[in-house]
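>>> sequence first, then the predicted structure, then my questions.
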Amino acid sequence: MNGLRILLTWGWCPILITALAVVSILFDWEIWAVAPALIIILIIGLIVAVVIAKERELERSSQRLRQLAGYFIRRFTGNSSLSIFTIIDSLFNVDNPQLWEWARACDMVQRIFDTWCDSFADRVESDVRTRRFDVYLRLYLNELWEVNTHYYEFVEQFCEVVEKIEIPRETMEQYNRFAMEYNAFAQQFRDNISELKKVARTEIEPPSVKLARELSGTKSLRATQEGEEKPPQTTEHKGYIL
């Protein structure tokens with residue numbers, strides 16, 4: 001059945017041209033009488049082939065975008081150990097009430113953010129089935145970019161906070177694991193944007209998806225407890241409210 005569908009989709013033009021050429025030979029038609037019809041069929045076939053090829057590329061881009069969105073939500077939101085919100089929650093183990101205030105604000109934002117992400121994933125799954133890729137692809141690319149941009153703001157806030165305080169070694173190692181996997185996702189997202197620009201109009205540029213920096217130079221709480229001098233604690237950086 002799939003073979004017949006492919007034959008009808010891609011093979012109708014050469015089949016029709018061949019059939020018309022054979023009929024013209026059998027009935028001894030003049031070539032000048034048949035040529036215009038052959039040219040028209042060929043042009044229509046080329047146009048249809050270009051349209052189908054573009055739709056296939058849009059479909060592939062939509063599927064890649066759906067996979068990226070699902071991967072981001074599964075790995076970096078909710079109760080995942082690699083969620084930046086989970087890493088921020090681990091800072092409650094640090095004896096710093098002002099830091100706890102920022103972490104509690106982030107916890108409240110997480111509930112809103114997770115609801116947004118769940119709604120986004122449901123809409124992508126539902127609309128991909130409609131196969132109206134040209135309608136939804138640009139919309140959901142923009143939304144995934146916005147989701148990731150807001151998410152990255154918490155990553156930046158976390159890095160700025162831990163540069164001024166000591167954190168447990170486990171938290172630093174957990175963040176660095178997050179940074180490695182998040183950067184792999186960010187690179188895939190950049191590649192997807194670059195490929196999509198070839199088949200659809202989008203104002204998003206690949207470099208706008210930023211990479212997370214690692215914390216190899218940050219002091220850990222364990223090292224400080226062994227005798228290092230603590231830097232002054234910060235009172236800045238409240239949670240970013242969506």
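Structure's in. What do you need?

>>> helix or strand with the lowest mean pLDDT in the chain?
The weakest-scoring helix or strand in the chain, judged by mean pLDDT, DSSP states H and E, is helix 221-225 (a mean of 41).

>>> list of residues touching stretch 117-133?
55, 58-59, 61-63, 65-66, 69-70, 72-73, 77-78, 136, 140, 143-144, 147 (C-beta atoms under 8 Å, 6 or more residues apart in numbering). Bear in mind the C-beta positions are built from the backbone N, C-alpha and C, glycine included.

>>> repeat that with 7 Å
55, 58-59, 62, 66, 69-70, 73, 77, 136, 140, 143, 147 (C-beta atoms under 7 Å, 6 or more residues apart in numbering).

>>> how distant is it from the center of its chain?
Relative to the chain's own centre, stretch 117-133 is displaced by 13 Å; criterion: C-alpha atoms, centre = their mean, to the nearest Å.

>>> how close does the residue in the chain sticking out farthest from the centre get to A37?
Within the chain, the residue lying farthest from the chain centre (C-alpha atoms, centre = their mean) is D28, at 59.5 Å. Distance of D28 to A37, given as C-beta to C-beta, to the nearest Å: 16 Å.

>>> next structured bit after the one helix or strand I52 maps to?
Taking DSSP states H and E as the definition, I52 sits inside helix 31-76. Proceeding N to C from helix 31-76, the next assigned helix or strand is helix 84-89, under DSSP H and E.

>>> quick check: buried residues in the helix or strand following that next one?
Going down the chain from helix 84-89, the next helix or strand is helix 97-128, by DSSP H and E. Neighbour-count burial for helix 97-128, counted by 16 or more other C-beta atoms under 10 Å, picks out 99, 102-103, 105-106, 109-110, 113-114, 116-117, 120-121, 124, 127-128.

>>> could you do stretch 29-38 as well?
If you call a residue buried by 16+ other C-beta under 10 Å, then stretch 29-38 has these buried ones: V34.

>>> roughly how far is it from the heart of the chain?
In this view, stretch 29-38 has its centroid 52 Å away from the chain centroid, taken as C-alpha atoms, centre = their mean.

>>> quick one: residues in contact with that stretch.
Applying C-beta under 7 Å, 6+ apart, the contact partners of stretch 29-38 are 17, 20, 24.

>>> tell me the confidence at the last one?
Pointing back at S24 there. At S24, the pLDDT value in this model is 73.

>>> before we move on, which element is it in?
Using DSSP H and E, S24 falls within helix 2-26.

>>> avg pLDDT for stretch 110-118?
Rounded mean pLDDT across stretch 110-118 is 93.

>>> low-confidence ranges, the chain, go.
Where the chain drops to pLDDT under 70, the residues are 1-13, 128, 131, 133-134, 217-242.

>>> possible to save the contacts of stretch 29-38 as CSV with neighbour count and distance to K164?
CSV is the format used below for the contacts of stretch 29-38 (neighbours: other C-beta atoms under 10 Å; distance: C-beta to C-beta, whole Å):
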residue, neighbour count, distance to K164
I17, 17, 73
L20, 15, 78
S24, 17, 84
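
>>> quick revisit: mind giving me the PyMOL select for the contacts of stretch 117-133, buried ones only?
Buried subset of the contacts of stretch 117-133, written as a PyMOL selection, criterion 16+ other C-beta under 10 Å:
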select buried, resi 58+62+66+69+73+77+136+140+143+147
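
>>> quick one: the contacts of stretch 117-133 as a markdown table, columns for distance to D95 too.
Shown next, in a markdown table, are the contacts of stretch 117-133 (distance: C-beta to C-beta, whole Å):
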| residue | distance to D95 |
| --- | --- |
| E55 | 59 |
| L58 | 54 |
| E59 | 54 |
| S62 | 49 |
| R66 | 44 |
| A69 | 38 |
| G70 | 39 |
| I73 | 33 |
| T77 | 28 |
| Y136 | 49 |
| Y140 | 43 |
| E143 | 40 |
| V147 | 34 |
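
>>> no more questions from me, cheers.
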